[in-house]
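>>> no FASTA, just this:
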Ligand SMILES: Nc1ncnc2c1ncn2[C@@H]1O[C@H](COP(=O)(O)OP(=O)(O)OP(=O)(O)O)[C@@H](O)[C@H]1O
């Protein structure tokens, strides 16, 4: 499968009447690929990701997602699209009155999974991110790094078609960062297209097959053309399982 699951064409974004924070951004995300999004603080990474997961409309340009024009998508179709995207927010956005377990279970319950089938994958996922003994804790009693891991577990548990993660390892130590990267890799091998915004150059170097999207003051550079043309070598779905 070589199709683009997301495409930005000459996208610009300005907040209010200020200058554009993103300018003429064009790229495609090809199914099954692993992308890192880099750039200095303020370059526009979070803004670009917000448009990708449909929390922000562009000021100009065309965005298509899963083959559909996302800019003019009627509001009532937004939830259906968002369910296909797992998001790790920079500020986690856990539901405060729910336990870690119930936060991670949310996407499965929203997808209508039988309650008997929910407990095992949620417990396994929380164990994988090192929180087996914190399942009953509410977000307020978890550290920043623990909340970040719950947020990641919630984003990946439903095996979304697209995973968008905004600085997902910003609050964990380097060993845990590598472990979480392995989780994203495993999801990617199952077919999920992954986009991770990060400042952490060590993470980038650990995945030599990943594609790099670099933002500089709101402009995307694409020196190799990898963000416009389907990659020659495609990661086969299910490889390495
Ligand atoms: N809601 C907003 N209203 C006004 N300006 C905003 C808003 N969100 C972001 N900006 C501005 O847009 C620019 C890009 O911000 P953005 O958060 O997208 O950058 P970033 O690359 O993710 O930065 P960081 O790495 O520090 O998170 C910045 O100048 C920022 O001040």
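It's in. In this text the structure is predicted, and so the values were computed from the model without any measurement. Residues are numbered from 1 along each chain as shown.

>>> How about the residues of this protein by the ligand?
Residues of the chain lying near the ligand by CB under 6 Å from any ligand atom: 15, 21, 39, 41, 42, 43, 44, 45, 46, 47. (Each C-beta comes from the backbone N, C-alpha and C, glycine too.)

>>> Need the max-distance pair from those residues.
Greatest spacing in the residues of the chain next to the ligand, by CB to CB: 15 and 39 (17.3 Å).

>>> which of those two has more neighbours?
Neighbour totals were compared for residue 15 and residue 39, and residue 39 leads with 21 against 11 (other CB atoms under 10 Å).

>>> Would you enumerate the residues in contact with that one?
45, 214, 215, 216 (CB atoms under 8 Å, 6 or more residues apart in numbering).

>>> list the contacts for the last one?
Okay, so that is residue 216. Residue 216 neighbours (CB under 8 Å, 6+ apart): 39, 40, 43.

>>> My read is that the last one contacts residue 218, right?
Translated: residue 43. Yes - taking CB atoms under 8 Å as the definition, residue 43 is a contact partner of residue 218 at 6.7 Å.

>>> which residues in this protein form strands?
4-14, 20-30, 34-38, 60-65, 68-69, 85-88, 162-166, 193-197, 211-216, 219-221 (DSSP state E).

>>> re earlier: would you reformat the residues of the chain next to the ligand as TSV and include distance to residue 101?
Formatted as TSV, the residues of the chain next to the ligand follow (distance: CB to CB, whole Å):
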residue	distance to residue 101
15	37
21	38
39	35
41	34
42	36
43	36
44	35
45	31
46	28
47	32
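
>>> Please indicate which of those are buried?
21, 39, 43, 44, 45, 46, 47 (16 or more other CB atoms under 10 Å).

>>> Run through this structure and note the low-pLDDT ranges.
1-2, 231-241 (pLDDT under 70).

>>> Name the residue closest to the centre of it, please.
In the chain, the residue lying closest to the centroid (CA atoms, centre = their mean) is residue 164, at 1.1 Å.
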